[in-house]
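Peer 1: sharing a model prediction with you, sequence too.
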Amino acid sequence: MPPLRRFGPAPSGLSLRLMTAAITDCLYLIFVNLPYFVRFVYRFYTGMATTADFKMGMCIEMNNDLLLILDFQRFQSGRGASNVRSRLKSLNTSKIFEHTFTGGEKVEVARIEKRPHQFLYKDEIGYVFMNTNSYEQVTLEEAMVDGADLMKEGEMIHVLFHADKELALNVELPQFVELEVTYTEPGLQGDTAKNALKMATLETGAEIKIPLFVNQGEKIRVDTKNRSYHERVK
C-alpha cells in the first residue's frame, strides 16, 4: 500500500490548542442554547408555548379570545411550582383583567404583527387609518382604539394585526403625544403648592390634569399609557 499523502504541514502544538479551544467553545454554546432552540422550534411548528416564554406584549389565544400580556410576575406558592400572575387585555372586548397561570402551563401563541399607520379621520363608522407602506386603509371601531381622544389627525400609530387571519385587532399609540392646551383655569399667582394639579382640555377634546404653572395655549407632552402630563414642549 502506498504511503498516505499529507496535504499541507502538520498543525503545530499552538494550532492544535487553538482548534481544541474553538471546538470546545462551539460545543458549549450549542449545549447552553439548545433548550432555547428546541423551545423555538416547538413554538414555530405547534404555535404553543409555556409560561416560561411569557414576555410583555405577547399575544395568546385562550377561551376563544385574543389576550395581550400587559404585565406578569412569577411567584412561589409554598413548596409547589412557581406560578405566574398576569395582567391581560382582551383584544375582543378591550377589557383588562388579572389571571394566574400554573408554572409550565401551555398556552397557544397568536402571531401578531405591528404595522405602521397614520390616523386620517373619524366618521360615523369609526376611525380611519392608512398603512404608510401599502397606502391601504382600514376602519376600526372606537372600542378598538385605546386613548382615541389623544389622537389628532396625522398621528403616526401602529395597528396590531392577527397575521394568520389578516384581522385588525387593536391600535397602539406612541408612548408620548404632543397636544395644545385649549382651555384651563389660570393658576393663582403665588400658589406654590407642591404637586398641585388642575384640569385642562386639550385640542383633541381629551381632559387630563396638568400642573398649575401650565397655561392655556401652551403645548404639552402627554404619556398615553396613563393619560398623564409629562412635560411642556418648548
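Peer 2: Everything's here; your move. Numbering: from 1, shown residues only.
Peer 1: quick one: residues contacting the residue minimising distance to the centre of the chain.
Peer 2: The chain has G57 as the residue nearest its centroid, 3.9 Å off, counting by Cα atoms, centre = their mean. Remark: with contacts taken as Cβ atoms under 8 Å, 6 or more residues apart in numbering, G57 is in contact with 68-69. For every residue, glycine as well, the C-beta is placed using N, CA and C.
Peer 1: surely P174 is in contact with T224?
Peer 2: Yes: at 6.8 Å, P174 counts as touching T224 under the criterion of Cβ atoms under 8 Å.
Peer 1: the two: who's more crowded?
Peer 2: Taking neighbours as other Cβ atoms under 10 Å, P174 and T224 compare with T224 leading, 18 against 13.
Peer 1: I'd say the more buried one and A148 touch.
Peer 2: No: applying Cβ under 8 Å as the test, T224 and A148 come out as separate, 10.6 Å apart.
Peer 1: my read: K122 touches L140, true?
Peer 2: No: counting by Cβ under 8 Å, K122 stays clear of L140, with 10.2 Å between them.
Peer 1: which one of the two is surrounded by more residues?
Peer 2: The residue with more neighbours, out of K122 and L140, is L140; 19 against 15, by other Cβ under 10 Å.
Peer 1: so where is this protein shaky, pLDDT-wise?
Peer 2: Applying pLDDT under 70 to the chain flags the ranges 1-15, 27-47, 78-80, 188-194.
Peer 1: give me the domain ranges for it.
Peer 2: By the assignment in automatic domain parsing, the chain contains the domains 48-109, 112-172, 176-232.
Peer 1: how about those domains, which one is nearest M19?
Peer 2: With Cβ to Cβ as the criterion, M19 lies closest to domain 48-109 of the domains of the chain, at 36.1 Å.
Peer 1: mind putting the domains of the chain into JSON lines with distance to I23?
Peer 2: JSON lines is the format used below for the domains of the chain (distance: least, Cβ to Cβ, whole Å):
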{"stretch": "domain 48-109", "distance to I23": "30"}
{"stretch": "domain 112-172", "distance to I23": "40"}
{"stretch": "domain 176-232", "distance to I23": "49"}
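Peer 1: so for A21, which of these sits nearest?
Peer 2: Per Cβ to Cβ, nearest to A21 of the domains of the chain: domain 48-109, 32.3 Å.
Peer 1: residues touching A196, list them.
Peer 2: Each residue near A196 by Cβ under 8 Å, 6+ apart is listed here: 211-212.
Peer 1: one more pass at 10 Å, please.
Peer 2: A196 sits next to 187-188, 209, 211-213 when contact means Cβ atoms under 10 Å, 6 or more residues apart in numbering.
Peer 1: beta partners of the closest residue in space to R232 that isn't next to it in sequence?
Peer 2: Nearest non-adjacent residue to R232, counting by Cβ to Cβ, 6 or more residues apart in numbering: I220, 5.6 Å away. Here I220 sits in beta bridges with L179, R232, going by DSSP bridges.
Peer 1: before we move on, back to that, overlap in contacts, P174 and T224.
Peer 2: Common neighbours of P174 and T224 (criterion: Cβ under 10 Å, 6+ apart): 150-151, 157.
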